[in-house]
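>>> Give me a model of this one.
(one chain, ligands or ions: 2)
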Amino acid sequence: MTTFDPCNQPGLRPYLDAKQDMLNQLDKINKSELVGLNKLLNRVLADDLHSPIDVPSFANSAMDGYALRAADLTEGVGLTLVGTSLAGHPFNGRVEAGECARIMTGAALPLGADTVVMQENCRSEHNIVYPSGTVTEGQNVRLPAEDMAQGERVFSAGTRINARVLAILSSLGLEQLYVQRSLTVAVLSTGDELKTPGQLLGPGDIYDSNRIGVSAMLQRLGVTVRDYGIIKDDPDAIRQTLTQASQESDAIITSGGVSVGDADYIKQILDEIGQIGFWKLAIKPGKPFAFGHINDCPFFGLPGNPVSAAVTFHLLVRPALAKLMGEPVPSPITLQATALMPFKKSAGRMDFQRGWVSTQADGSLGVVAAGTQSSGVFSAMAQANCLLHLEQERTNVAKGEQVTLELIDGLYW
Ligand SMILES: Nc1nc2c(c(=O)[nH]1)N[C@H]1C(S)=C(S)[C@@H](COP(=O)(O)OP(=O)(O)OC[C@H]3O[C@@H](n4cnc5c(N)ncnc54)[C@H](O)[C@@H]3O)O[C@H]1N2
Ligand code: MOO
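Numbering: from 1, shown residues only. Ligands and ions are numbered 1, 2, ... in the order given. Purely as a prediction, here's the structure:
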């Protein structure tokens with residue numbers, strides 16, 4: 001059954017079409033800087049990274065045991081122990097026929113040896129070692145360059161340096177690297193009703209949460225936030241602030257005032273002092289999202305409803321920032337789950353409902369609503385671990401139907 005929704009209007013721009021159009025209008029900011037290892041977390045590689053060394057750079061043991069020559073082994077015949085190789089303290093001699101050396105995990109394989117037998121499979125008596133069991137040549141030996149070879153491309157330009165990438169950079173001995181200059185993004189909230197936490201609320205006032213949430217997401221993405229605070233619903237103040245922000249920032253993010261109310265000035269001012277790329281999308285939440293440029297500075301107008309602001313940041317601003325930083329534009333990894341309850345949906349807008357997905361007793365995934373699906377109810381957003389992706393023309397989801405969803409825990413929000 002199709003549910004009538006007065007907020008669905010014909011002619012709204014489909015999400016994927018608008019997103020592609022926006023990405024086509026954005027260019028990578030081609031500026032890099034040299035940054036030390038301890039400041040590289042969350043930055044984006046400016047160039048392809050080629051390994052300066054072999055890793056490992058020498059053959060070494062994967063086990064604590066004995067290094068020997070596999071061809072020497074005869075069941076019941078012992079090998080003479082001639083030395084010890086510890087990690088950081090290689091054995092400087094050679095293992096000759098009929099000999100072995102004590103060796104520890106990570107220690108260099110002595111010259112002459114080609115195999116390591118773990119100590120649990122050896123018996124040692126008076127400096128004679130008796131290996132047992134099946135031994136294959138090369139076992140328990142980590143070969144030079146088997147992880148990364150000198151000159152090999154390890155990461156592409158645009159790779160975001162997370163903890164794992166950082167560990168690799170360190171294992172390659174790199175103490176500094178060229179990364180993309182970090183973006184400076186202007187953030188501001190508009191609305192006469194908004195107060196900063198700590199201030200007293202007057203009649204009709206609410207606390208500004210979008211600016212704080214958006215700034216936190218930007219910080220998680222390694223972006224430098226330029227905070228312009230709360231701007232009143234005053235066209236002159238908005239015009240002046242946006243003009244200044246466009247001169248001081250790589251992008252501008254506003255929240256509120258993009259709809260059609262009497263005090264919603266953002267779209268009109270964008271049109272006046274810049275260019276509108278698009279306004280109004282076939283998505284829920286987030287319909288009045290506005291994209292454009294002011295003095296060549298990309299502009300993102302998030303709707304004021306807190307859920308709409310957070311969801312449009314994820315759907316549109318995050319991909320846009322990736323394009324500006326030269327990162328691959330992220331595609332959501334989606335899963336299928338069974339709706340464990342009905343979800344209301346009317347045709348006309350792609351709907352990103354807030355859900356809680358979990359593994360059921362039979363191992364399958366099941367999803368319930370994380371709370372009320374109003375775009376003003378942010379508690380459901382904060383409690384959700386996934387966003388449902390309900391296609392534009394889909395209608396009500398019945399209990400037991402399959403739905404597509406995207407996990408949101410562990411991302412930047
Ligand atoms: N006649 C129509 N009215 C509305 C439409 C429409 O198509 N026709 N669209 C609705 C939709 S959808 C959305 S989303 C909102 C978005 O409106 P605005 O972007 O103009 O946002 P505001 O009106 O300024 O505020 C909406 C709501 O959010 C609260 N808000 C605003 N800023 C913040 C902030 N920084 N932190 C927390 N909360 C904030 C504000 O007080 C309002 O309650 O428009 C619908 N209306
Ligand atoms: O599209 Mo609005 O963002 O639902 O509330």
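>>> Please enumerate the strands of the stretch 301-413 of the chain.
Along the stretch 301-413 of the chain, counting by DSSP state E, counting those that start in this stretch, strands occupy 334-339, 350-351, 354-359, 365-369, 386-388, 402-407.
>>> Please apply the same query to the stretch 51-200 of the chain.
For the stretch 51-200 of the chain, the strands defined by DSSP E, counting those that start in this stretch cover 60-61, 65-68, 79-85, 99-103, 115-118, 122-125, 128-131, 141-142, 153-155, 176-180, 184-190, 194-195.
>>> do you know which of those lies nearest Leu40?
Minimum separation from Leu40 across the strands of the stretch 51-200 of the chain (CB to CB) falls at strand 176-180, 6.3 Å. Where C-beta positions appear, they are placed from N, C-alpha and C, glycine not excepted.
>>> neighbouring contacts of that closest one?
29, 31-37, 40, 43-47, 49, 161, 169, 325-326 (CB atoms under 8 Å, 6 or more residues apart in numbering).
>>> Convert it to PDB, retaining C-alpha atoms only.
Coordinates of each C-alpha in strand 176-180 appear next as PDB, following Å, rounded to 0.1, in the frame of the first residue of the first chain:
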ATOM      1  CA  GLN A 176      58.500  12.100   7.700                       C
ATOM      2  CA  LEU A 177      56.300  12.100   4.600                       C
ATOM      3  CA  TYR A 178      54.500  14.300   2.100                       C
ATOM      4  CA  VAL A 179      50.800  14.400   2.900                       C
ATOM      5  CA  GLN A 180      47.900  16.500   1.600                       C
END
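>>> Quick check: buried residues in that strand?
Neighbour-count burial for strand 176-180, with 16 or more other CB atoms under 10 Å as criterion, is recorded at 177, 179-180.
>>> List the contacts of Gln281.
I think there's a mix-up here, since residue 281 is Leu and not Gln. 12-15, 18, 287, 289, 349.
>>> List just the nearest of the residues you listed to ligand 2.
Lys287 (3.6 Å; CB to the nearest ligand atom).
>>> hmm, back to that, and of the strands of the stretch 301-413 of the chain, who's closest to ligand 1?
Nearest of the strands of the stretch 301-413 of the chain (CB to the nearest ligand atom): strand 350-351, 11.9 Å.
>>> Centre of the chain to that closest one, how far?
Taking CA atoms, centre = their mean, to the nearest Å, one finds strand 350-351 lying 23 Å from the centre of the chain it belongs to.
>>> do it and ligand 1 meet?
No - applying CB under 6 Å from any ligand atom, one finds strand 350-351 separated from ligand 1 by no less than 11.9 Å.
>>> In a markdown table: the contacts of Leu281, plus secondary structure and pLDDT.
Listed next are those as a markdown table, based on DSSP: H, G, I helix; E, B strand; the rest coil; pLDDT from 0 to 100:
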| residue | secondary structure | pLDDT |
| --- | --- | --- |
| Leu12 | coil | 94 |
| Arg13 | strand | 96 |
| Pro14 | coil | 97 |
| Tyr15 | helix | 97 |
| Ala18 | helix | 97 |
| Lys287 | coil | 97 |
| Phe289 | coil | 97 |
| Arg349 | coil | 97 |
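>>> Which residue does this protein have closest to ligand 1?
Gly304 (2.5 Å).
>>> Name the nearest residue to whichever residue of the stretch 101-250 of the chain sits closest to ligand 2, sequence neighbours excluded.
Nearest to ligand 2, among the residues of the stretch 101-250 of the chain, is Asn210, at 12.1 Å (CB to the nearest ligand atom). Leaving aside its chain neighbours, Asn210 sits nearest to Ser255 (3.9 Å; criterion: CB to CB, 6 or more residues apart in numbering).
>>> separation between the one you found and Gln360?
37 Å (CB to CB, to the nearest Å).
>>> Compare these two (neighbour count), which wins?
Neighbours per residue (other CB atoms under 10 Å) separate Ser255 from Gln360, with Ser255 holding more: 31 against 11.
>>> next one: phi and psi at that one?
Backbone geometry at Ser255, expressed as degrees, to the nearest 10, gives phi -130, psi 140.
>>> Which strand residues bridge it?
Counting by DSSP bridges, Ser255 is bridged to Ser189, Leu302.
>>> For the worst-scoring helix or strand of the chain on mean pLDDT, name the packing helices and strands.
Scoring the helices and strands of the chain by mean pLDDT, DSSP states H and E places helix 378-383 at the bottom, with a mean of 94. Where contact means 3 or more CB pairs under 8 Å, 6 or more residues apart in numbering; DSSP states H and E, helix 378-383 is packed against helix 306-312, strand 354-359.
>>> quick one: the last one to strand 402-407, angle?
Counting by axes from the mean of the first three to the mean of the last three CA atoms, to 10 degrees, strand 354-359 points 100 degrees away from the direction of strand 402-407.
>>> which residues touch strand 354-359?
307, 335, 337, 365-371, 373, 380-381, 383-388, 405, 407.
>>> Could the C-alpha coordinates of it be exported in PDB?
Only the C-alpha atoms of strand 354-359 are listed here, as PDB (Å, rounded to 0.1, in the frame of the first residue of the first chain):
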ATOM      1  CA  ARG A 354      18.000   4.600  11.900                       C
ATOM      2  CA  GLY A 355      18.300   1.000  12.900                       C
ATOM      3  CA  TRP A 356      19.900  -1.500  15.300                       C
ATOM      4  CA  VAL A 357      21.200  -4.600  13.600                       C
ATOM      5  CA  SER A 358      22.300  -7.700  15.400                       C
ATOM      6  CA  THR A 359      23.100 -11.300  14.700                       C
END
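>>> that older thread, just the buried subset of the contacts of strand 354-359, written out for PyMOL, thanks.
Those of those that count as buried under 16+ other CB under 10 Å are selected in PyMOL with:
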select buried, resi 307+337+365+366+367+369+370+371+373+380+381+384+385+386+387+388+405+407
